[in-house]
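K.L.:
Need coordinates for the following:
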Amino acid sequence: MTLAGTAAPTRSGPLTGTGALTRLALRRDRLTLPVWALVTGGLVASGAGSLDGLYSTAAQRAELAASMTANSSMRALYGPVFGDSLGGLVAWRFGTFGAVLAAVASLIVVVRHTREEEETGRQEMLSAGSVGRRAPLTAALLSALVLNTAVALLVTAGLAGQGAAGALALGLAIGGTGMVFAATAALAAQFTESARLAKGLSAAVLGLAFVLRAAGDSGTADGGSVLTWLSPVGWAEHVRAFAGERWWVLLLILAAVLAQTAAAYALTARRDVGASFLPTRPGPAEGRLATAGALAWRLQRGTLLGWSLGFLLGGLVFGGMVESAADIVGDNERAREIFERMGGQSALTDAFLATMVSLLGMLAALYAVGSVLRAHGEETSGRAEPLLAGSLGRLRWAAGHLVAAFGGSALILVLGGLGLTLSYGHGPGPILGAALVQLPAVWTLAGLAVLLWGAAPKAATAAWGVAGLCLALGWIGPALDLPQAVLDASPFGHLPRLPGPDMAWPPVLVLTALAAALTAAGLAGLRRRDVSG
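P.N.:
So this is what the prediction gives:
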């Protein structure tokens with residue numbers, strides 16, 4: 001019964017509005033989702049062509065498979081080789097990293113459309129209408145499903161010529177891994193009050209899964225370690241695409257997705273919008289947090305610690321692979337050309353070291369961009385506005401985060417170089433010098449992030465795309481035989497390839513000056529514009 005002149009209330013279920021929210025999420029990600037799908041699926045699908053150019057005969061492929069399976073460092077990085085066909089080598093070389101890329105993209109998508117919407121207050125306005133309690137989470141997971149389905153289809157279509165069953169198995173393994181970590185992110189979003197913490201927690205689970213798989217594979221040549229089976233990344237490996245497919249392993253992936261999704265649904269129904277099961281602990285308002293720099297350090301220190309440990313361990317792993325560089329390349333002139341193109345025209349060992357140092361530099365750029373955008377997140381969440389309402393100036397507030405970005409990137413590169421030195425067993429001077437030479441390119445990308453944040457804050461997240469593109473150009477471009485002009489679009493393409501050849505100062509100085517100019521322009525824009533909240 002209703003009062004005269006009033007409308008009957010609209011009854012809604014827990015999934016009411018899911019379709020509209022899904023369409024909204026896909027519209028907002030109409031550029032990023034296709035890019036993620038094309039990069040991830042295209043990387044794996046293009047592997048057949050690059051490996052066929054390197055190892056064109058069955059004998060060469062069999063020799064590669066035997067040498068890689070016997071090398072514990074290579075097993076830790078890529079996993080064991082289960083089949084020496086061209087498709088089997090693609091699954092070995094690109095399967096693990098394709099699964100990790102799909103997982104990273106998926107957790108970003110889910111957190112963006114769940115916890116980030118709540119943090120900014122948009123979800124509260126939407127929930128005031130006819131939107132069910134579980135509709136936002138369902139829409140986020142459906143967006144991730146669209147992404148991973150596209151990745152699986154691209155992989156399957158691109159590798160179908162190597163065997164339809166193997167191509168489908170690899171596509172499902174990579175897409176399924178992405179959905180496992182989409183569900184992990186959905187669960188993490190229930191426990192944290194900020195999108196940053198939800199991404200960090202999900203990324204930590206992904207990092208742990210990768211470490212477990214690497215530790216298990218380094219100890220056993222057949223992939224049968226318990227540690228590998230404890231890792232969802234290891235499950236993708238155990239599907240054994242192009243090597244007698246194990247379809248039943250996909251049931252483990254499906255079970256992990258369903259279990260985590262069910263837990264996330266149960267938790268989201270028991271909390272208010274914007275709340276979490278692990279509320280942020282209030283910190284002291286005086287003492288070591290009395291300055292803007294101390295606050296920035298408090299916010300950034302956990303991330304810096306994680307990256308520092310990762311770079312040190314990564315350096316140790318890469319250093320252990322140096323002595324095997326000759327075995328990896330063997331008499332294959334095409335493989336030698338790729339290493340030399342990535343690491344310079346010097347001796348093969350120096351070229352391999354230069355390649356690993358360059359990879360560390362490109363990864364350090366991701367840290368630097370993320371640290372800059374941490375300040376952007378503080379601004380958009382409204383936490384920076386109360387600080388800036390007092391006597392604290394914008395430049396002094398931003399300086400603390402920029403010190404973490406620029407100084408922290410130098411620290412992790414030094415630790416990565418130190419790990420390489422300790423594992424390789426040679427003097428630290430050349431390798432540490434080669435690591436530090438990466439800094440101008442790292443700082444250039446960080447400076448671009450500062451410019452976007454200061455001058456065009458709505459486009460600030462595009463800095464992630466630029467950094468990812470540079471990583472793809474530097475790591476995959478040489479194997480795909482891209483023109484040098486394309487590779488030079490990345491600042492890393494202009495750096496001297498150390499250790500090995502003589503130091504070339506002009507590009508280093510030019511990139512350093514460019515980084516300083518970009519940073520200064522971004523800070524000038526920050527001073528002139530309004531603070532968003």
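K.L.:
And the contacts of the helix or strand containing Ala463?
P.N.:
Using DSSP states H and E, Ala463 maps to helix 462-475. Defining contact as Cβ atoms under 8 Å, 6 or more residues apart in numbering, one finds that helix 462-475 is touched by 32, 35, 39, 43, 342, 358-359, 362-363, 365-366, 369, 372-373, 441, 445, 448-449, 452-453, 482, 486-487, 489-493. (Glycine included, C-beta is placed from N, CA and C.)
K.L.:
counting contacts, what elements does the next helix or strand after that helix pack onto?
P.N.:
Next helix or strand after helix 462-475 toward the C-terminus (DSSP H and E): helix 484-487. Packing contacts for helix 484-487, counted by 3 or more Cβ pairs under 8 Å, 6 or more residues apart in numbering; DSSP states H and E, involve helix 462-475.
K.L.:
Could you pull up the mean pLDDT of the helix it packs on?
P.N.:
Averaged over helix 462-475, pLDDT sits at 80.
K.L.:
Give me the buried positions along that helix.
P.N.:
Residues 463-464, 466-468, 470-475 are the ones in helix 462-475 that count as buried (16 or more other Cβ atoms under 10 Å).
K.L.:
Now find how far off-centre it is within its chain.
P.N.:
11 Å (Cα atoms, centre = their mean, to the nearest Å).
K.L.:
Mind exporting the C-alpha coordinates of that helix to CSV?
P.N.:
The C-alpha trace of helix 462-475 is given here as CSV (Å, rounded to 0.1, in the frame of the first residue of the first chain):
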residue,chain,number,x,y,z
ALA,A,462,48.8,7.7,-19.4
ALA,A,463,52.3,7.6,-18.0
TRP,A,464,51.8,3.9,-17.3
GLY,A,465,51.1,3.3,-20.9
VAL,A,466,54.2,5.1,-22.0
ALA,A,467,56.4,3.2,-19.5
GLY,A,468,54.8,-0.1,-20.6
LEU,A,469,55.4,0.8,-24.3
CYS,A,470,59.1,1.5,-23.6
LEU,A,471,59.3,-1.9,-21.8
ALA,A,472,57.8,-3.7,-24.8
LEU,A,473,60.0,-1.9,-27.3
GLY,A,474,63.2,-2.7,-25.3
TRP,A,475,62.4,-6.3,-24.4
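K.L.:
Give me the nearest residue to Pro507, chain neighbours excluded.
P.N.:
Take Pro507 and drop its neighbours on the chain: the residue closest to it by Cβ to Cβ, 6 or more residues apart in numbering is His494, 4.3 Å away.
K.L.:
quick one, what contacts the one you found?
P.N.:
Residues near His494 by Cβ under 8 Å, 6+ apart: 441, 488, 507, 510-511.
K.L.:
Any stretches of the protein with poor pLDDT?
P.N.:
Low-confidence segments of the chain, defined by pLDDT under 70, span residues 1-12, 73, 120-129, 131-132, 272-290, 322-348, 425-427, 476-482, 500-501, 533.
K.L.:
Tell me which helix or strand Val39 sits in.
P.N.:
helix 32-45.
K.L.:
which helices and strands sit right next to the following helix or strand past that helix?
P.N.:
The first helix or strand that comes after helix 32-45 along the chain, using DSSP H and E, is helix 47-54. Other elements packing on helix 47-54 under the criterion 3+ Cβ pairs under 8 Å, 6+ apart are helix 86-112, helix 333-343.
K.L.:
how far out from the middle of the chain is helix 47-54?
P.N.:
25 Å.
K.L.:
that older thread, which one of the buried residues of helix 462-475 sits closest to Thr96?
P.N.:
Within the buried residues of helix 462-475, the smallest distance to Thr96 is 14.0 Å, found for Trp475 (Cβ to Cβ).
K.L.:
gap between that closest one and Ser50?
P.N.:
According to Cβ to Cβ, to the nearest Å, Trp475 stands 12 Å off from Ser50.
K.L.:
Which of the three states applies to Arg270?
P.N.:
coil (DSSP: H, G, I helix; E, B strand; the rest coil).
K.L.:
before we move on, which element is Arg527 in?
P.N.:
Per DSSP H and E, Arg527 falls inside helix 505-528.
K.L.:
do Leu21 as well
P.N.:
Going by DSSP H and E, Leu21 is part of helix 18-28.
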